[in-house]
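# Quick one, what's the 3D model for this:
(one chain, ligands or ions: 1)
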Amino acid sequence: MRSLLLSRRDLDFLLNDWLQVEKLTSRPRFAAHDRDTFAAVLDLAEEVATEHFAPHRKLSDAHEPVFDGERVHLPAEVGEALRVLAGTGMIGAAMDESVGGMQLPQVVAQACFLWLHAANVGTAAYPFLTVANANLLLAHGSPEQVDTWVRPMVEGRFTGTMCLSEPQAGSSLSDVTTRAEARPDGTYRVTGTKMWISGGDHELSENIVHLVLARIPGSPPGVRGISLFVVPRFLMAADGAVGERNDVVLAGLNHKMGYRGTVNTLLNFGEGRFTTGGEPGAVGYLVGEPGQGLAQMFHMMNEARVG
Ligand SMILES: Cc1cc2nc3c(=O)[nH]c(=O)nc-3n(C[C@H](O)[C@H](O)[C@H](O)COP(=O)(O)OP(=O)(O)OC[C@H]3O[C@@H](n4cnc5c(N)ncnc54)[C@H](O)[C@@H]3O)c2cc1C
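Numbering: from 1, shown residues only. You can find the predicted model right below:
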């Protein structure tokens, strides 16, 4: 029996009869695909959603994340579902083959992700945030940042977050006070507190790539003074392995009705618990140019509907 999460018949009608997605295969970007490959990846999404995401949606809502002071505990089924998804390669469904993606049309990739959303919005938030984070870095990051952070996210080894809100700054992002001080080696040291960060701390991935809005001292007031930084949970060693802990500290979990399957966090950057190189502040890497942070972040916010 087909899944009852969505009507595949309706989805096929919308994609094939109404939108005529097959015509996209005449474009060089999608030339490797045809109607059969679109159908195959939709079958896969339906299977993963039905067999691995849907069965634990009540469980992870009833057993929200728990912080024991050191680690966040989630139902094992969440991690298992994400491992299965990573194995399908679907995280990079619409991304370039050059970064490990499938280079599918966005409309087909979104139809695949719809299955995961329909099955379990809490577990689906982790890959959706990760895809949006990776897409932001593909648009605005350096080639080195793409190699270091995007490729492992596409492989499903790293997950991503967006860190905009602060306890005193929600809609009013011009009030962001998190600071990023430049160091002679070109890196930054980030200090401040971010509130309501979805997927901010867990053991589901080898590393968490936080995209953080912060001010470089001396920047203009208001949103023009906000820049964007990659601040990873773990620094990367010279050989490309996941290295020492960065000073990103989980201060506590937030509880939200209706969306309890996704861990939501209060994060302290530069609290001093994991000081690296004897200097205060979490190590951060500027994305693009200073002062472009909010515009860049909208690249992710417009996509990460679950943030
Ligand atoms: C489930 C969930 C997940 C989240 N995940 C993330 C995340 O991953 N990363 C992150 O950075 N943040 C996250 N957030 C925070 C979210 O982005 C903020 O809640 C949002 O920016 C609103 O801020 P606030 O809650 O402080 O509300 P406020 O800014 O205090 O707004 C309260 C009310 O006042 C209204 N209001 C505010 N300013 C004005 C104005 N100038 N004129 C008229 N009305 C106004 C708003 O519309 C709203 O109705 C998450 C929030 C939720 C609920």
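# C-alpha only now, for contacts and for neighbours.
Fine.
# Let's verify the residue of the stretch 1-150 of the chain found nearest the ligand: helix, strand, or coil?
Distances between the stretch 1-150 of the chain and the ligand by Cα to the nearest ligand atom are smallest at L129, namely 8.1 Å. Using DSSP: H, G, I helix; E, B strand; the rest coil, the three-state assignment for L129 comes out as helix.
# That one touches G160, doesn't it?
Yes. Under the criterion of Cα atoms under 8 Å, L129 makes contact with G160 at 5.8 Å.
# how about the strands in the stretch 151-300 of the chain?
Taking DSSP state E, counting those that start in this stretch, the strands of the stretch 151-300 of the chain run over residues 158-163, 179-182, 188-198, 207-215, 226-232, 234-236, 242-245, 248-253, 264-269, 282-286.
# Between strand 248-253 and the last one, find me the angle.
Per axes from the mean of the first three to the mean of the last three Cα atoms, to 10 degrees, the angle that strand 282-286 makes with strand 248-253 is 110 degrees.
# Name the surrounding residues that touch strand 282-286.
180, 186-191, 227-232, 235, 246-248, 269-270, 275-276 (Cα atoms under 8 Å, 6 or more residues apart in numbering).
# are any of the residues you listed buried, and which?
180, 188-191, 227-232, 235, 246-248, 269-270, 275-276 (16 or more other Cα atoms under 10 Å).
# near the ligand, which residues of the stretch 101-250 of the chain?
By the rule Cα under 6 Å from any ligand atom, the part of the stretch 101-250 of the chain lying against the ligand is M162, C163, L164, S165, A169, G170, S171, S172, W196, I197, S198.
# The fifth one reaches C163, doesn't it?
No. Taking Cα under 8 Å as the contact criterion, A169 and C163 are not neighbours in contact, 11.4 Å apart.
# Between these two, which is the more surrounded one?
C163 (25 against 15; other Cα atoms under 10 Å).
# ok, that one - contacts?
C163 makes contacts with K194, M195, I197, H210, L211, V212, L213, as judged by Cα under 8 Å, 6+ apart.
# what's the closest of those to the ligand?
Nearest to the ligand, judged by Cα to the nearest ligand atom, of the contacts of C163 is I197 at 3.8 Å.
# Would you check how far apart the nearest residue to that closest one once chain neighbours are set aside and the ligand are?
Ranked by Cα to Cα, 6 or more residues apart in numbering and with sequence neighbours excluded, the top spatial neighbour of I197 is T265, at 4.9 Å. According to Cα to the nearest ligand atom, to the nearest Å, T265 and the ligand sit 8 Å apart.
# pLDDT at T265, what is it?
For T265, the pLDDT comes out at 98.
# what sits opposite it in the beta ladder?
I197, L253 (DSSP bridges).
# What's the local residue count around it?
Counted with other Cα under 10 Å, the neighbours of T265 add up to 21.
# Let me see the ranges of the helices in the stretch 51-200 of the chain.
Ranges of helices in the stretch 51-200 of the chain, per DSSP state H, counting those that start in this stretch, are 57-62, 76-88, 106-119, 121-140, 143-145, 151-154.
# As CSV, the ones you listed with mean neighbour count and mean pLDDT would be great.
Shown next, in CSV, are these (neighbours: other Cα atoms under 10 Å; pLDDT from 0 to 100):
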stretch, mean neighbour count, mean pLDDT
helix 57-62, 16, 94
helix 76-88, 17, 98
helix 106-119, 20, 97
helix 121-140, 24, 97
helix 143-145, 13, 98
helix 151-154, 22, 98
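# In JSON lines: these, plus distance to G284.
Below are the helices of the stretch 51-200 of the chain laid out as JSON lines (distance: least, Cα to Cα, whole Å):
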{"stretch": "helix 57-62", "distance to G284": "32"}
{"stretch": "helix 76-88", "distance to G284": "27"}
{"stretch": "helix 106-119", "distance to G284": "31"}
{"stretch": "helix 121-140", "distance to G284": "14"}
{"stretch": "helix 143-145", "distance to G284": "12"}
{"stretch": "helix 151-154", "distance to G284": "18"}
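# of those helices, which approaches T50 most closely?
Minimum separation from T50 across the helices of the stretch 51-200 of the chain (Cα to Cα) falls at helix 106-119, 6.6 Å.
# ok, back up a step: state the pair within the residues of the stretch 101-250 of the chain next to the ligand that is farthest apart.
S172 and S198 (18.7 Å).
# And those two? Which one has more around it.
S198 (22 against 12).
# who's in contact with R83?
G156.
# Report the separation between E70 and A251.
Separation of E70 from A251 (Cα to Cα, to the nearest Å) stands at 10 Å.
# Neighbour count: those two, which is higher?
The residue with more neighbours, out of E70 and A251, is A251; 17 against 9, by other Cα under 10 Å.
# Which pLDDT value does the model give that one?
A251 is given a pLDDT of 97.
# Could you find the closest non-adjacent residue to the residue nearest to the spatial centre of the chain?
Central residue of the chain (Cα atoms, centre = their mean): T130, 2.2 Å from the mean position. Sequence neighbours aside, G160 is the residue nearest to T130 in space, at 4.2 Å (criterion: Cα to Cα, 6+ apart).
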